Structures are given as structure tokens and as C-alpha cells.
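S.K.: show me the folded form of this:
(one chain, ligands or ions: 1)
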Amino acid sequence: MDMARKKDISKTSLPSSEPSYVPAPGARSPFRLSYRNYLRLIFALIVFGGGSMALYFQYAFANVPRYSVELIEKYPKDPAAFTQGLVFDPEGEYLYESTGLVGQSSIRKIAWKTGEVLVKKNLDSDLFGEGLTLLNGKFYQLTWKNDVILVYDQELNLLETREFNREMWGLTTDGTHLIISNGTSQLMYVDPQTMQRVRNVTVRHGNATARDLNELEFNNGRIYANRFQTDLVYEIDAARGQVIGLIDLSRLWPDKERPEGGVMNGIAVHRRLQKMFVTGKLCPFLYQVEIVPQKK
Ligand SMILES: [Ca+2]
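M.R.: Numbering: from 1, shown residues only. Got it, this is the predicted structure:
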């Protein structure tokens, strides 16, 4: 992905690739077969067998629960922060944030109820900050295309710079591995000691791949992932790599109040409270939310 696309962060609607039964008005029914397609169907039935075809259509049209959010509380936050990573410490005492853009990238310790930035360390001017997580008492901060992962102590003193020759976007942890997104449907599981990839997981939505995975948050066997350029969060069963829910955050931050480039990005679960907090790039608030079924 080039810089031009990375910076093109205008808000878009839900992905158009999602399965749907509903044809456009006036559209020809997908179930009316031409003679040629009829022959293709017969051929497919012979080759794949009826059972496999049924399975194919089951996954092709798989649907998952859709959710919205109710706002519980909102807290002030630096509106100049181009949020790329967000995580609480285990007690939820402080919030930690990674911000991006060349020349503006930083790592921050924040008093989350007031938004006060208690510690801010700027990255070297050539580095573009990305995902952030806390594992075994160390913060890991990704860089987008700089081929390095920065490792800090709990006071955000830089301990070491590790080499990782991949494009990197979002980051979380299952308590063992670093889990890294790169804007595709792939999640890379990485050993934090060796920085070697242990495995890749392809995230699927029905039989399609769930693209554009960005900021991440692992909680109770699930990974929540912002979808790049949208206000949509995928809820992913981490063990199966399967999308099991779609959460729409768009109602939190009115369009007319957003600056250019303002889009939801940043998820942090407060473990003790078991509450989800979300924010956006250049967003003036941190939102505490409750996930609720989407109204029809
Ligand atoms: Ca996160």
C-alpha cells in the first residue's frame, strides 16, 4: 500500500463486498439462469456434488450478527493525535497511545479520564508509528514501513529496537504472541523473543476474506479489528480466524464534526471493568461504549 492510499482516509460506508440476498431494484434475479449458466450449474453439480455446493452457498451467503454501540461516557482527548494504537495497562489505570504520520509519530501515557498526556516520547522524524500493545511488562510499538519494532519499559523509556522486515499496521497480543495486521486479511503471530513469525491466520467473513484489518484488540479469545477507512469493527473468533460480528461505530462521532481524515481507529478494552473504549484519528474524544444489537 503506498503513502497516497494510506493518507486517503476519507470515511466510507460499510464494505460493498458483504454477502447480501437483496438484489438492486430492477435488477435481474440472480436465481434466473441463462442456458449457458444452467449448463455451468449442471457441470458444477457433477464436479463438486450437491453436498459441496450446499456448503459453498452456506458460506457464500453466511451472515453474522450486526451490532451498534451505546455511548456510556466520553472523555476529552488530544484532537491532534493521529491514533494508530490504543491499549490500557492491566489495571486500566492509564491509557497508552501510538500516533502516526512522519514527523508527528509518538508514544503517549494518558490519564484517560481527563485526557492529560502525562508522558510523550516523539519517534525519530523518519519513523511512522503504528500499532501498540503491552506484553510481559513491555510496550511494543510498530512502525509502518520502517522495518523496526520499538520496545519500551512501562515508563516509555526505549529499551531496544528490533528488526521486523514487514509492513505493519495494527498490533495486539493474546498474552503469548504479538499479533500484527498489515492492511490485508492476514494476522501474523510473532514470537516477541525472536521476532520470528510463528503462523499466519487469514481472517474470513463467510467464504470471503475480511480485508483492510487495522488497529486490533484481543479480549477473551476474540480480536476486535478496525476496518481501514471505515467506522466498522470486525469481531473475530481468534481460534478460527472467522468474523463473528460486525460493529458499527459511526453514530459516535458526527460527520459534520470530523476534520479531514477523521475516521474511527483505536480500540482498547479495560480489563478490570470489561468495557470497550474506542476513538478515532484526530478525534477529540475517547468513547466508552456498550455493544448492542443493531436495530432493524
Ligand atoms: Ca488496541
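S.K.: and the longest strand anywhere in the chain, what does it pack against?
M.R.: Longest strand of the chain, by residue count under DSSP state E: strand 66-76. With contacts defined as 3 or more C-beta pairs under 8 Å, 6 or more residues apart in numbering; DSSP states H and E, strand 66-76 has these neighbours: strand 242-248, strand 285-293. Using the backbone N, CA and C atoms, a C-beta is placed for each residue, glycine as well.
S.K.: out of the ones you listed, flag the one nearest residue 86.
M.R.: strand 285-293 (8.4 Å; C-beta to C-beta).
S.K.: buried ones in that closest one?
M.R.: 285, 286, 287, 288, 289, 291 (16 or more other C-beta atoms under 10 Å).
S.K.: what's near enough to touch the second one?
M.R.: Contact criterion C-beta atoms under 8 Å, 6 or more residues apart in numbering gives 74, 75, 76, 77, 95, 112, 115, 277, 278, 279 as the residues in contact with residue 286.
S.K.: next one: the fourth one
M.R.: With contact set as C-beta under 8 Å, 6+ apart, residue 288 has these partners: 71, 72, 73, 74, 75, 275, 276, 277.
S.K.: likewise for the third one?
M.R.: Residue 287 sits next to 69, 71, 73, 74, 75, 252, 253, 277, 278, 279 when contact means C-beta under 8 Å, 6+ apart.
S.K.: run through the bridge partners of the third one.
M.R.: Judged by DSSP bridges, the bridge partners of residue 73 are residue 288.
S.K.: quick check: pLDDT value at it.
M.R.: pLDDT for residue 73: 98.
S.K.: one step back: which ChimeraX command selects the buried ones in the contacts of residue 287?
M.R.: To isolate the buried subset of the contacts of residue 287 in ChimeraX, counting by 16+ other C-beta under 10 Å, use the following:
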select :69,74,75,252,253,277,278,279
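S.K.: rewinding a little: pLDDT for the buried residues of strand 285-293 - can I get that in TSV?
M.R.: Formatted as TSV, the buried residues of strand 285-293 follow (pLDDT from 0 to 100):
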residue	pLDDT
285	98
286	98
287	98
288	98
289	98
291	97
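S.K.: so which of the contacts of residue 288 would you say is closest to residue 137?
M.R.: Of all those, residue 137 sits closest to residue 277, with 21.7 Å by C-beta to C-beta.
S.K.: from the stretch 151-296 of the chain, which residue is nearest to the ion?
M.R.: At 3.9 Å from the ion, residue 217 is the closest residue in the stretch 151-296 of the chain, using C-beta to the ion.
S.K.: before we move on, back to that, got the buried residues of strand 285-293 as a markdown table, with distance to the ion columns?
M.R.: Formatted as a markdown table, those follow (distance: C-beta to the ion, whole Å):
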| residue | distance to the ion |
| --- | --- |
| 285 | 17 |
| 286 | 12 |
| 287 | 14 |
| 288 | 15 |
| 289 | 14 |
| 291 | 16 |
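S.K.: residue 132: which of those residues is nearest?
M.R.: Lowest distance from residue 132 to the buried residues of strand 285-293 (C-beta to C-beta) belongs to residue 286, with 14.7 Å.
S.K.: circling back: could the contacts of residue 288 go into a markdown table alongside distance to the ion?
M.R.: What follows is those, written out as a markdown table (distance: C-beta to the ion, whole Å):
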| residue | distance to the ion |
| --- | --- |
| 71 | 19 |
| 72 | 18 |
| 73 | 19 |
| 74 | 18 |
| 75 | 16 |
| 275 | 14 |
| 276 | 10 |
| 277 | 9 |
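S.K.: what distance do you get for residue 231 to residue 170?
M.R.: 16 Å (C-beta to C-beta, to the nearest Å).
S.K.: ok, the two, which is more surrounded?
M.R.: Comparing residue 231 with residue 170 by neighbour count (other C-beta atoms under 10 Å), the higher total belongs to residue 170, at 30 against 23.
S.K.: my read: that one touches residue 212, true?
M.R.: No - using C-beta atoms under 8 Å, residue 170 is not in contact with residue 212; the gap is 10.4 Å.
S.K.: who touches the helix or strand where residue 233 lies?
M.R.: Using DSSP states H and E, residue 233 maps to strand 232-237. With contact meaning C-beta under 8 Å, 6+ apart, strand 232-237 is reached by 14-15, 67, 203, 205, 210, 213, 221-227, 242-249, 264, 267, 278.
S.K.: switch the cut-off to 7 Å
M.R.: Applying C-beta atoms under 7 Å, 6 or more residues apart in numbering, the contact partners of strand 232-237 are 14, 203, 210, 222-227, 242-249, 267.
S.K.: any chance of a ChimeraX selection covering the buried ones in these?
M.R.: Selection of buried members from these for ChimeraX, criterion 16+ other C-beta under 10 Å:
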select :203,210,222,223,224,225,226,227,242,243,245,246,247,248,249,267
